[in-house]
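K.L.:
predicted model follows, preceded by the sequence.
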Amino acid sequence: MSSSTSTSAIGKSEQEALDTYRQMWAAFVAASKTSNWQDPQLSHFATGVALTTLARSLFADHDAGMVTIGEPVLNPHVASVDPPSAPRKVVITDCGDSSHWLRHRADNGELSDAPGGRRLINAIVEKQPDGSWRVSDFGVHDVGTC
């Protein structure tokens, strides 16, 4: 494989991983409007620990009568690719802003959360056997971590 082919394959993998990361959050935002932990869109972009984390969060909000309104602002970038020559795992670092994506009571719309803010998010996006990319794990840190 030539250097330019290798570089373009890495660039394509990085872009696909970033797109998948953004799509996972978009699916989660859509599901959080009704706290639908069974939304099938979640499994199109997340798997493993990431999918479990999303579903559990939504189930807990549903059980507590909460919904999340608004949208976060994402600013992801690729931190690393592995292996470098033919990426199958991409680590993404983000500084997400949850200032305009807050939990509310579903019954009366009352704001439940303290104001959000900028949070460090680390995510692992992995190429699946079918060639698709899915977020396999992620961690969201406290407000003020980025």
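P.N.:
Here it is on my side, so go on.

K.L.:
remind me which residues of this structure are low pLDDT?
P.N.:
In the predicted model of the chain, residues 1-10 satisfy pLDDT under 70.

K.L.:
center of the chain, which residue is that?
P.N.:
Centre of the chain computed as the mean C-alpha position; nearest residue by Cα atoms, centre = their mean is residue 25, 4.1 Å away.

K.L.:
am I right that that one is in a strand?
P.N.:
No - with the criterion set as DSSP: H, G, I helix; E, B strand; the rest coil, the secondary structure at residue 25 is helix rather than a strand.

K.L.:
measure the nearest residue to it once chain neighbours are set aside to residue 92 for me?
P.N.:
Closest residue to residue 25 apart from its sequence neighbours, by Cβ to Cβ, 6 or more residues apart in numbering: residue 74 at 6.0 Å. Bear in mind the C-beta positions are built from the backbone N, C-alpha and C, glycine included. For residue 74, the distance to residue 92 (Cβ to Cβ, to the nearest Å) stands at 10 Å.

K.L.:
between these two, what contacts are shared?
P.N.:
Shared contacts of residue 74 and residue 92 (Cβ atoms under 8 Å, 6 or more residues apart in numbering): residue 21.

K.L.:
of the two, give the one with the bigger neighbour count.
P.N.:
Between residue 74 and residue 92, counted using other Cβ atoms under 10 Å, the more crowded position is residue 92 (23 against 16).

K.L.:
and what about that one, helix, strand or coil?
P.N.:
Secondary structure of residue 92, per three-state DSSP, is strand.

K.L.:
ok, it to residue 76 distance?
P.N.:
The spacing between residue 92 and residue 76, counted by Cβ to Cβ, is 5 Å.

K.L.:
joint contacts of the two?
P.N.:
Taking Cβ under 8 Å, 6+ apart as the contact criterion, the common neighbours of residue 92 and residue 76 are 18, 21, 121, 123.

K.L.:
which one of those has the most neighbours?
P.N.:
When neighbours are counted as other Cβ under 10 Å, the busiest of the shared contacts of residue 92 and residue 76 turns out to be residue 21, with 27 neighbours.

K.L.:
that one and residue 125 touch, don't they?
P.N.:
Yes - taking Cβ atoms under 8 Å as the definition, residue 21 is a contact partner of residue 125 at 5.8 Å.

K.L.:
anything in contact with each of those two?
P.N.:
Where contact means Cβ under 8 Å, 6+ apart, the residues bridging residue 21 and residue 125 through contact with each are 92, 135.
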